[in-house]
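let me see the structure of the following:
(chains A and B)
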Number of protein chains: 2
Amino acid sequence: MKPANIFESIADDLDKEVFDLIIKSNNVLIERIVSTGQTSDTGWYDQDQSEWVIVLKGKAIIAFENGEEVSLKPGDHLNIPAHSRHRVKWTDPSTETIWVAVHYR
Amino acid sequence: MKPANIFESIADDLDKEVFDLIIKSNNVLIERIVSTGQTSDTGWYDQDQSEWVIVLKGKAIIAFENGEEVSLKPGDHLNIPAHSRHRVKWTDPSTETIWVAVHYR
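Numbering: from 1, shown residues only, chains lettered A, B, ... in the order given. Just a heads-up that it's a prediction; the model follows:
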């Protein structure tokens, strides 16, 4: 077994957010997300599964439909319950923001 | 909602490994593990669930029953399938080793 490194093997083309699948089972999906200033300003995420996210590099702001905003710096982690409508309001445009997201039932 | 930080709120008493529960659902358990030189040399872990681990600070070596050893530094992550017998052979005694483990079915 060989470990992968969450800070390495990042795509060169970061015009869009990049999602890399790490684990997929019947009940859990773990992915790495690399953002470079993108936001999800086209609409709200409304997910059937809960999602635990941790920011490992960079910075981000997640906005919730109730008006609440949560700022995330490296090491900050947050649980987003299923159907808690949210969007990524901001990610640091000056660096890569690296997230790990665990989607689970 | 307020994020927690994975590098903060660490127990003062680190004589033993410290396990902090982050998420527990029917199908997934996410925990933070803080090691300070401890090893699991009392025996093998043989788990019914698979486990994905990432080291976020410090260093560790995981040994498998087949003799394989995997060194982990910050950012390194590894999937340990269910019933893949393993143990923590070494963690850096000079600092805290902070892991996130996701146990899943």
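
by contact count, what packs against the helix or strand bottoming out on mean pLDDT in chain A?
Ranked by mean pLDDT, DSSP states H and E, the weakest helix or strand in chain A is strand A:86-91, scoring a mean of 94. Applying 3 or more C-beta pairs under 8 Å, 6 or more residues apart in numbering or on different chains; DSSP states H and E, one finds that strand A:86-91 contacts strand A:60-64. From N, CA and C alone the C-beta is placed, and that goes for glycine too.

and residue A:26, what is it in contact with?
Residues in contact with residue A:26 (C-beta atoms under 8 Å, 6 or more residues apart in numbering or on different chains) are residue B:105.

sorry, wrong one. I was asking about residue A:52.
Contacts for residue A:52 (C-beta under 8 Å, 6+ apart) come out as A:77-80, A:101-102, A:104, B:22-23, B:30.

can you pick the most crowded of those?
When neighbours are taken as other C-beta atoms under 10 Å in any protein chain shown, the top entry among the contacts of residue A:52 is residue A:102 (26 neighbours).

dump the helix or strand hosting that residue to PDB, keeping only the CA atoms.
Secondary structure assigned from DSSP states H and E places residue A:102 in strand A:97-104. The C-alpha trace of strand A:97-104 is given here as PDB (Å, rounded to 0.1, in the frame of the first residue of the first chain):
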ATOM      1  CA  THR A  97      -8.000  26.000  -1.400                       C
ATOM      2  CA  ILE A  98      -7.800  22.300  -0.600                       C
ATOM      3  CA  TRP A  99     -10.800  20.700   1.000                       C
ATOM      4  CA  VAL A 100     -11.600  17.100   2.000                       C
ATOM      5  CA  ALA A 101     -15.300  16.400   1.900                       C
ATOM      6  CA  VAL A 102     -16.900  13.300   3.400                       C
ATOM      7  CA  HIS A 103     -20.500  12.700   2.200                       C
ATOM      8  CA  TYR A 104     -22.300  10.200   4.300                       C
END
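
helices or strands next to that strand in the packing?
Under the contact rule (3+ C-beta pairs under 8 Å, 6+ apart), strand A:97-104 is packed against strand A:28-35, strand A:50-57, strand B:28-35, strand B:97-104.

sorry, back to before: tell me what angle the least confident helix or strand of chain A forms with strand A:28-35.
Here strand A:86-91 points in a direction 30 degrees away from that of strand A:28-35 (axes from the mean of the first three to the mean of the last three C-alpha atoms, to 10 degrees).

which residues are contacting strand A:86-91?
Here strand A:86-91 makes contact (C-beta under 8 Å, 6+ apart) with A:35-41, A:43-45, A:58-65, A:69, A:80, A:97.
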